[in-house]
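S.K.: Quick one: sequence and predicted model below, then my questions.
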Amino acid sequence: MRLELTRRGDYAVRAMLALAQPGRERPTSVREIATLMDIPVAFLPQVMAALVRAGLVVSWTGRTGGYLLARRREAISLLEVIEAVEGDSRRTSCVLRGGPCGRDGYCSAHGVFRDAQAAMLDRLSGATLADVALPEEPDPAGRAEGPMVPMVPTVPNRR
């Protein structure tokens, strides 16, 4: 089973994490975000435009222009960020048949996958940028406590 973001989703999450760092009180340029988060500078403006349209960031033009979060980092969920660039995250096709689920009845796995999807969307909507922007120090005993850190895939920078 694969659970992964598109490149747009990956870059959007990384860009928002850059803007959510404490102390970011001035607009941050595309070039600075790209450098901080290893995102191709040529692709990032498209992602930032989608985040502006979604009302998650505001932009300023000019020599000192750039981007800032439109709301506090505690008020922006990971689901909002992902859906701003990828669209609605709800699966509309059957996991077993590949076509629309329910066209000729629901498959035997429908309920399980519907509930799993709901749990994932609930978790992403409950995780804010503040929760993941600065991970806590790892527990020396190796237990996974503290905020969840997103598993953002490493994508080679294609400049």
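M.R.: Done, it's in.
S.K.: any low-confidence regions in this structure?
M.R.: For the chain, the stretches with pLDDT under 70 are 1-2, 91-92, 97-105, 134-159.
S.K.: one more time with 80, if that's ok
M.R.: Within the chain, the stretches with pLDDT under 80 are 1-3, 89-110, 134-159.
S.K.: out of all of them, which helix in it is the longest?
M.R.: helix 110-126 (DSSP state H).
S.K.: Ser59 in helix, strand or coil?
M.R.: strand (DSSP: H, G, I helix; E, B strand; the rest coil).
S.K.: Where do the helices of this structure begin and end?
M.R.: Along the chain, the segments classed as helices by DSSP H run 7-19, 30-37, 44-53, 78-86, 110-126, 129-133.
S.K.: what residues does the fourth one touch?
M.R.: When you say that, I think you mean helix 78-86. Residues from elsewhere that reach helix 78-86, judged by C-beta atoms under 8 Å, 6 or more residues apart in numbering: 5-6, 8-9, 11-13, 16, 47, 50-51, 53-54, 56, 89, 121, 124-125, 127-129, 132, 150. Glycine gets a C-beta too; all of them are placed from N, C-alpha and C.
S.K.: Measure how far that helix is from the centre of its chain, please.
M.R.: The gap between where helix 78-86 is centred and where its chain is centred comes out at 5 Å by C-alpha atoms, centre = their mean, to the nearest Å.
S.K.: From Leu121, how far off is Cys94?
M.R.: With the distance defined as C-beta to C-beta, to the nearest Å, Cys94 ends up 18 Å from Leu121.
S.K.: What of Val58?
M.R.: Applying C-beta to C-beta, the value for Val58 to Leu121 is 26 Å.
S.K.: Which one of those two is surrounded by more residues?
M.R.: Set Val58 next to Leu121 and count neighbours by other C-beta atoms under 10 Å: Leu121 wins out with 17 against 14.
S.K.: Provide a list of residues in contact with Val30.
M.R.: Val41, Leu44, Pro45, Met48, Gly66, Tyr67.
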